[in-house]
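Chemist: My questions concern the predicted model and sequence given below.
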Amino acid sequence: DVVNCHNDTPLHEACAAGHTEVARALIEARAAIDVAGRFGFTPLLAACKHGRREAARLLLDAGADKDRLTAENTPLIHACSAGLLEEARLLIKARAEVNKAGRFGYTPLYLAWKSRHPALAQLLIDAGADLDLALMQMHVGYARAPSRERGACQRKTGSPQGG
């Protein structure tokens, strides 16, 4: 596979841009579907990150690794962080691991909550996401927050834990 100056293949570029027919032709020509490009992103992660659902579906149908942890995160973590409900739904339907933590140890459920995407959080819970693990991450995040943020949370809720 040929790469550009960012170490991305034509399949990365086609999937990130949503050029599904180009991606299909590249896959049929046996382009590597799980190769890491810029930032360690795979074509599937690039498709999910940019909200290119059809390209993501094409890659999943071709056998792309739905749980591959890149230099940053999994495709599901990116979808949950960005609020991409349909992309997350597609990955979960393809049996992506809903409790697989990313680079900093955060799970998709924690990141959906942190990014204020309740529909995504519910989707993950319905798919079997571990609530205890996410709650633990929320408490750790609160404990690490600067004191001014914890104070604002306490004033808002009347609770020393902010909840």
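Modeler: Received the coordinates, thanks.
Chemist: So Ser81: helix, strand or coil?
Modeler: helix (DSSP: H, G, I helix; E, B strand; the rest coil).
Chemist: The spatially closest residue to it that is not a sequence neighbour: what's it in contact with?
Modeler: Nearest residue to Ser81, sequence neighbours excluded (CB to CB, 6 or more residues apart in numbering): Leu111, at 4.7 Å. Where C-beta positions appear, they are placed from N, C-alpha and C, glycine not excepted. By CB atoms under 8 Å, 6 or more residues apart in numbering, the contact list for Leu111 reads 77, 80-81, 102.
Chemist: Now do the helices in this protein.
Modeler: Assigned by DSSP state H, the chain shows helices spanning 10-17, 20-28, 43-49, 53-61, 75-82, 85-93, 108-114, 118-126, 131-144, 147-157.
Chemist: Tell me what angle the first one forms with helix 53-61.
Modeler: With axes from the mean of the first three to the mean of the last three CA atoms, to 10 degrees applied, the angle from helix 10-17 to helix 53-61 works out at 140 degrees.
Chemist: Report all helices and strands that helix 10-17 contacts.
Modeler: With contacts defined as 3 or more CB pairs under 8 Å, 6 or more residues apart in numbering; DSSP states H and E, the packing partners of helix 10-17 are helix 20-28, helix 43-49, helix 53-61.
Chemist: With respect to Ala14, which of the ones you listed lies nearest?
Modeler: Comparison of these against Ala14 by CB to CB identifies helix 20-28 as nearest, at 4.2 Å.
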